[in-house]
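Enquirer: What follows is a predicted structure for the sequence shown.
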Amino acid sequence: MTARGWFLFSLMGVIWGIPYLMIKVAVDAVSPSTVVFVRCAIGAVLLLPFALRQGGLPRTLRAYWRPMLAFACIEIIGPWFTLTDAERHLSSSTAGLLIAGVPIVGVVLARFFGATEHLGARRAAGLALGLAGVAVLTIPHLTGGDARSLGEVMLTVLGYATAPLIAARHLRDVPSLHLTAPCLALAALVYAPAAAATWPAHTPSVSVLAALAGLGVICTAVAFVAFLELIKEAGPTRATVITYVNPAVAVAAGALFLGEDLTASIAVAFALILAGSVLATAAGPRGTSRRVPWSARQTSRADGRVESP
């Protein structure tokens with residue numbers, strides 16, 4: 001993977017490792033529908049002006065509205081509600097740990113989507129190694145919650161594994177802002193009625209407002225643009241390997257902000273997750289280069305990588 005790919009990978013590992021903590025703080029004071037609405041509304045308000053300024057948004061919507069609608073439903077509208085609702089009963093670290101199953105599900109689903117990414121022995125070993133690290137973290141933390149909450153997280157995992165494959169196969173020619181901003185706006189409209197019906201009677205605390213703002217600005221607006229660029233750079237399967245880093249970040253956030261202990265098992269899990277991520281994101285066999293629309297200065301390989309010359 002290129003230096004740009006590693007930067008995006010590291011950035012996403014951190015940015016999508018902290019939402020679980022923010023969601024937990026927010027959902028204790030406001031409804032899941034309100035959390036999703038505020039998060040999507042902030043992201044849409046921040047990104048839509050840039051998408052419009054870029055030009056060509058109406059033409060993009062007319063040409064790609066079907067896969068864009070599918071992406072919005074499978075990546076945002078469904079999973080963000082199920083994950084947020086699950087965190088009413090699950091701890092933030094538990095939710096983050098369970099989401100780490102995304103790459104494994106993604107590898108299985110990729111075969112049904114006809115993905116061309118090659119899964120060699122080294123990358124398969126990396127996925128297994130990362131999963132072992134997640135298991136080390138998961139065993140002592142899988143406490144609390146109920147069958148419904150666990151099922152909601154599993155639905156979130158399925159959505160998070162499927163959406164990048166849709167983006168990689170059907171939306172590669174769509175600029176990141178043209179995809180992200182309309183999808184967030186649609187999600188905000190979908191959840192607006194439920195959010196209005198459950199809007200808190202009193203202004204939430206400063207910590208809750210800060211969590212909602214962080215979810216909208218950092219974990220939505222910034223994160224989505226970076227994630228879609230990562231998919232173009234590294235391919236959908238390798239892009240979802242950030243979910244092996246996310247739980248480690250979630251546990252670290254718990255230690256920093258909630259005073260949780262960092263044990264020896266957590267240190268071992270960190271090592272396994274990071275080593276597995278390196279192996280799982282290793283480049284596959286090189287294919288024939290071709291130009292791609294989102295940058296005239298970049299070339300694309302058959303394994304899904306985008307590399308600057």
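Expert: Nice, thanks for sending it over. Residues are numbered from 1 along each chain as shown.
Enquirer: Ala223 belongs to a helix, doesn't it?
Expert: Yes: looking at Ala223 with DSSP: H, G, I helix; E, B strand; the rest coil, it is inside a helix.
Enquirer: quick one, what contacts the closest residue to it other than its chain neighbours?
Expert: Once its chain neighbours are removed from consideration, Ala223 has its nearest residue in Ile15; the separation is 4.5 Å (C-beta to C-beta, 6 or more residues apart in numbering). From N, CA and C alone the C-beta is placed, and that goes for glycine too. By C-beta atoms under 8 Å, 6 or more residues apart in numbering, the residues touching Ile15 are 218-219, 222-223, 226.
Enquirer: 10 Å - rerun?
Expert: Listed by C-beta atoms under 10 Å, 6 or more residues apart in numbering, the contact set of Ile15 reads 214, 218-220, 222-224, 226-227, 242, 246, 249.
Enquirer: ok, of those residues, which come out buried?
Expert: Taking 16 or more other C-beta atoms under 10 Å as the criterion, what is buried in the contacts of Ile15 is 214, 218-220, 222-224, 226-227, 242, 246, 249.
Enquirer: out of the residues you listed, who's nearest Leu127?
Expert: For Leu127, the nearest member of the buried ones among the contacts of Ile15 is Ile242. The distance, counting by C-beta to C-beta, is 12.9 Å.
Enquirer: pretty sure Thr84 contacts Pro32?
Expert: Yes: in this structure Thr84 lies within contact range of Pro32 using C-beta atoms under 10 Å: 4.1 Å.
Enquirer: Now do the shared contacts for those two.
Expert: When C-beta under 10 Å, 6+ apart defines a contact, the residues bordering Thr84 and Pro32 alike are 23, 26, 152.
Enquirer: In a markdown table, list the contacts of Ile15 along with secondary structure, pLDDT and distance to Arg39.
Expert: Compiled in a markdown table, the contacts of Ile15 are given as follows (DSSP: H, G, I helix; E, B strand; the rest coil; pLDDT from 0 to 100; distance: C-beta to C-beta, whole Å):
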| residue | secondary structure | pLDDT | distance to Arg39 |
| --- | --- | --- | --- |
| Gly214 | helix | 95 | 9 |
| Ile218 | helix | 92 | 10 |
| Cys219 | helix | 91 | 7 |
| Thr220 | helix | 92 | 5 |
| Val222 | helix | 90 | 12 |
| Ala223 | helix | 87 | 11 |
| Phe224 | helix | 84 | 11 |
| Ala226 | helix | 85 | 16 |
| Phe227 | helix | 82 | 15 |
| Ile242 | helix | 66 | 19 |
| Asn246 | helix | 74 | 17 |
| Val249 | helix | 79 | 18 |
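Enquirer: So which of the residues you listed is the closest to Trp65?
Expert: Lowest distance from Trp65 to the contacts of Ile15 (C-beta to C-beta) belongs to Phe224, with 18.2 Å.
Enquirer: Now the closest one. Nearest residue, chain neighbours left out?
Expert: In space, Phe224 is closest to Thr180, 4.4 Å off (C-beta to C-beta, 6+ apart).
Enquirer: With Ala187 instead?
Expert: Among residues not flanking Ala187 along the chain, Cys40 sits closest, at 4.2 Å (C-beta to C-beta, 6+ apart).
Enquirer: where along the stretch 1-150 of the chain do the helices fall?
Expert: Here the stretch 1-150 of the chain has its helices, by DSSP state H, counting those that start in this stretch, at 3-15, 19-27, 32-54, 57-71, 79-86, 92-99, 102-112, 121-138, 147-170.
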